[in-house]
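Colleague: This is a predicted model, with the sequence first.
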Amino acid sequence: MKNMRIGIIGAGLGGLSAAARLAHAGFDVTLYEQQASPGGKAHSLSVDGYRFDTGPSLVTMPFVIRALFEDVGERMEDYLTLHPLDMLCEYYYPDGTRLRAYADPDHFAAEIEAVTTGTEAQLKRYLDYCRRIYSLTADVFLFRSIHEWRSLFRLSALTTLLRLSSIDALRPMRAAVDSFFTDPKLRQLFSRYATYNGSDPFRAPATLNIIAHVEYSLGAMYSDGGMVSLPRAVARLAAAKGARIVTGAHVERIALDGRTVTGLTVDGAFVPFDRVLSNADVKYTYERLLGDTSAGSSRRQRASEPSSSALVFYWGLRRTTPFGIHSILFSPQYEREFEQLFAGKRCPDDPTVYVYISSKFSPGDAPAGCENLFVMINAPHDAGQDWDAEIHRMRPVILSRIREAAGVDIEADIVVERTMTPKDIERATGSSFGSIYGIASNTKFSAFLREPNRSRTYRGLYFCGGSAHPGGGIPLVMLSGKIAADLIQQHA
Ligand SMILES: Cc1cc2nc3c(=O)[nH]c(=O)nc-3n(C[C@H](O)[C@H](O)[C@H](O)COP(=O)(O)OP(=O)(O)OC[C@H]3O[C@@H](n4cnc5c(N)ncnc54)[C@H](O)[C@@H]3O)c2cc1C
């Protein structure tokens, strides 16, 4: 095993996590990243004294990150500093109501009772229900492969898979939320968690309510130095364990002998490998790196509905705003928002707006007296839309939503402006259709449609990252890196 050469394509958080684990286990690991630095979707952008996290802005399931460091014999604190958020998010409603979601459950319950018609009892009952589903599903759907017989033969795994009703997979997420809360504001708030994996709360199975448990009961964090400090820390960890990380290196082809992987072609040169782990998008890997559009998994991916994407404005302001670190400015027409996203494949006319300001906790991210706003709306996956026209259409709508919610007109104070569209996400990271989280979880079978972490078509090919099992989002892609690394070791 010591001499077994592993080639990894992509330095997203999935690929980096796997690189650290495999190098620690004694494999000879080389990771190729086409960008100039690691991170993938978790990147950073610096312009005229403003620094922006380009992608993720919230860390959940921090124990997954800690476990990575501990599993390879290191202390997370030597690489990365995470802080728990006391207030997870501030919610602004169209009627002027403002609701603060505190991390402390009693404080949050008191806020709900003060601001809405909801009650502490409703909240506790709902969070208990979310915890129950999490405890039934997490071990099967998140922490292991669901495609390997070895995992599935465990009695608890089989029982969970067969009891779809006990994990609430038979009704939509929104229907379940409605059964716990009568207040429309709370119904909207708790439905929102479907967007954490790019899905539609009105269609996704209620099993996705586990996301509320993850945020309210398992902790949500921010990271010193912004989100980009996470991939940087994991890259340093992988390098410390002996992995070679080659940036600015484009993998053009996965080389084969029949159906067995033999290496990679990187910028025109062949490099032999015994195993290849792709952290690149699954569809892209099959079609572009293997030239295979007929493999079962590739077909399955094409038949699946891509997750939603994002339209992001990065605004450097020469002023401050009343917003906290994380704010949601809700749309008055939530159901219509998802119809327009998924059926209409257009940015919602009246979108929910998310504002994240890292300079609130990292003052160096903006000049003194200024702020760096990451302003995001849900966008459909790329289907050939005119994104310049969408930017033009959505910009005034977003600015007016900010004006109504926070009572500030920021337009004249925007001194730095950049944007990111689904097309840009596809260009930068290879994500098919620019979707953020691989495929959407809009049906009860979505979990089974994600690519297995070990290819069934090509010997020696493995997958990790948002388009593979168990799905997108930081903790999940880091778990996919672990599952893939474990499988490589088992089959070494
Ligand atoms: C706007 C936005 C907001 C988000 N918000 C959150 C959030 O708040 N919380 C959260 O948990 N998640 C969030 N996410 C999702 C999260 O960022 C992703 O799920 C995660 O970072 C993806 O990691 P990954 O391992 O799938 O790899 P990716 O980040 O997709 O990286 C894949 C890497 O592979 C490289 N690559 C591809 N092809 C090749 C090739 N041929 N040769 C060499 N290199 C190649 C790419 O350059 C890229 O660096 C957000 C994402 C976006 C875009």
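Modeller: Arrived safely. Numbers count the residues shown, from 1 in each chain.
Colleague: Residues of this structure that sit close to the ligand?
Modeller: Counting by Cβ under 6 Å from any ligand atom, the chain comes close to the ligand at 9-15, 32-35, 40-42, 55-58, 250-251, 279-280, 310, 312, 376, 425, 429-431, 436-437, 465-466, 472-474, 477. For the C-beta atoms, the positions are set from N, CA and C on the backbone; glycine is no exception.
Colleague: how about the helices in the stretch 1-150 of the chain?
Modeller: 13-24, 62-71, 105-115, 120-137, 149-152 (DSSP state H, counting those that start in this stretch).
Colleague: Just want the angle from the third one to helix 120-137.
Modeller: With axes from the mean of the first three to the mean of the last three Cα atoms, to 10 degrees defining the directions, helix 105-115 sits at 130 degrees from helix 120-137.
Colleague: Now do the buried residues in helix 105-115.
Modeller: Applying a neighbour-count criterion of 16 or more other Cβ atoms under 10 Å, one finds Phe108, Ala109, Glu111, Ile112, Val115 buried in helix 105-115.
Colleague: cool, the second one as well?
Modeller: Residues of helix 62-71 classed as buried under the neighbour-count rule (16+ other Cβ under 10 Å) are Pro62, Val64, Ile65, Leu68, Phe69.
Colleague: ditto for the fourth one
Modeller: Residues of helix 120-137 classed as buried by neighbour count (16+ other Cβ under 10 Å): Gln122, Leu123, Tyr126, Leu127, Tyr129, Cys130, Arg131, Arg132, Ile133, Tyr134, Leu136, Thr137.
Colleague: Show the subsequent helix or strand relative to the lowest-mean-pLDDT helix or strand in the chain.
Modeller: Across the helices and strands of the chain, mean confidence by mean pLDDT, DSSP states H and E is lowest for helix 296-303: a mean of 59. Following helix 296-303 in sequence order, the next helix or strand is strand 309-317 (DSSP states H and E).
Colleague: what's the neighbour count on Gly364?
Modeller: The tally of other residues near Gly364 (other Cβ atoms under 10 Å) stands at 12.
Colleague: re the thing from before, hmm, which two among the buried residues of helix 120-137 are most spread apart?
Modeller: Pairwise distances across those peak at 22.7 Å for Gln122 and Thr137 (criterion: Cβ to Cβ).
Colleague: wait, isn't Thr30 in contact with Asp274?
Modeller: No: Thr30 is beyond contact range of Asp274, at 11.6 Å (criterion: Cβ atoms under 8 Å).
Colleague: thinking again about what came up before, among the residues of the chain next to the ligand, the buried ones, what's the ChimeraX command?
Modeller: Selection of buried members from those for ChimeraX, criterion 16+ other Cβ under 10 Å:
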select :9,10,11,12,13,14,15,32,33,34,35,40,41,42,55,56,57,58,251,279,280,310,312,376,425,429,430,431,436,437,465,466,472,473,474,477
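Colleague: So which of the residues of the chain next to the ligand belong to strands?
Modeller: If you go by DSSP state E, these have Ile9, Tyr32, Glu33, Val251, Ala310, Val312, Met376 in strands.
Colleague: Nearest to Tyr79 among those residues?
Modeller: Glu33 (18.8 Å).
Colleague: OK, contacts around that closest one?
Modeller: Gly10, Ala11, Gly15, Ile245, Val246, Thr247, Gly248, Ala249 (Cβ atoms under 8 Å, 6 or more residues apart in numbering).
Colleague: quick check, nearest of those to the ligand?
Modeller: Of all those, Gly10 has the smallest distance to the ligand: 2.4 Å, by Cβ to the nearest ligand atom.
Colleague: Show me where the stretch 201-350 of the chain has its helices.
Modeller: 210-217, 229-240, 282-284, 296-303, 334-338.
Colleague: Put together CSV for those helices, with mean neighbour count and distance to Ala25 on each row.
Modeller: CSV is the format used below for the helices of the stretch 201-350 of the chain (neighbours: other Cβ atoms under 10 Å; distance: least, Cβ to Cβ, whole Å):
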stretch, mean neighbour count, distance to Ala25
helix 210-217, 21, 28
helix 229-240, 23, 12
helix 282-284, 24, 24
helix 296-303, 16, 26
helix 334-338, 20, 43
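Colleague: a markdown table please, covering these and showing distance to Tyr196.
Modeller: Shown next, in a markdown table, are the helices of the stretch 201-350 of the chain (distance: least, Cβ to Cβ, whole Å):
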| stretch | distance to Tyr196 |
| --- | --- |
| helix 210-217 | 5 |
| helix 229-240 | 17 |
| helix 282-284 | 20 |
| helix 296-303 | 21 |
| helix 334-338 | 14 |
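Colleague: Looking at the stretch 101-250 of the chain, which residue is nearest the ligand?
Modeller: Counting by Cβ to the nearest ligand atom, the stretch 101-250 of the chain gets nearest the ligand through His250, at 4.7 Å.
Colleague: So, low pLDDT: which residues of the stretch 201-350 of the chain?
Modeller: 295-303 (pLDDT under 70).
Colleague: hang on, I meant the stretch 1-150 of the chain
Modeller: Using pLDDT under 70, the stretch 1-150 of the chain drops low at 1-2, 149-150.
Colleague: which ones are touching the residue nearest to Gly434 when sequence neighbours are not counted?
Modeller: Using Cβ to Cβ, 6 or more residues apart in numbering and skipping the chain neighbours, the partner closest in space to Gly434 is Pro422 (3.0 Å). Contacts for Pro422 (Cβ under 8 Å, 6+ apart) come out as Ser309, Ala310, Leu311, Ala379, Pro380, His381, Asp382, Gln385, Trp387, Phe433, Gly434, Ser435.
Colleague: ok, what's across the strand from the second one?
Modeller: Judged by DSSP bridges, the bridge partners of Ala310 are Asn378.
Colleague: ok, Arg403 - how many residues close by?
Modeller: By other Cβ under 10 Å, the burial measure for Arg403, its neighbour count, is 13.
Colleague: The closest residue to it other than its chain neighbours and the ligand: what is the separation?
Modeller: Once flanking residues are discounted, Arg403 sits nearest to Asp409: 5.2 Å by Cβ to Cβ, 6+ apart. Distance of Asp409 to the ligand, computed by Cβ to the nearest ligand atom, to the nearest Å: 25 Å.
Colleague: Let me know the pLDDT of Asp409.
Modeller: With respect to pLDDT, Asp409 scores 97.
Colleague: now Ser165
Modeller: Ser165 is assigned 72 on the pLDDT scale.
Colleague: what sits against it?
Modeller: If you count contacts by Cβ under 8 Å, 6+ apart, Ser165 has none.
Colleague: From Leu218, how far off is Ala103?
Modeller: Using Cβ to Cβ, to the nearest Å, Ala103 is found at 11 Å from Leu218.
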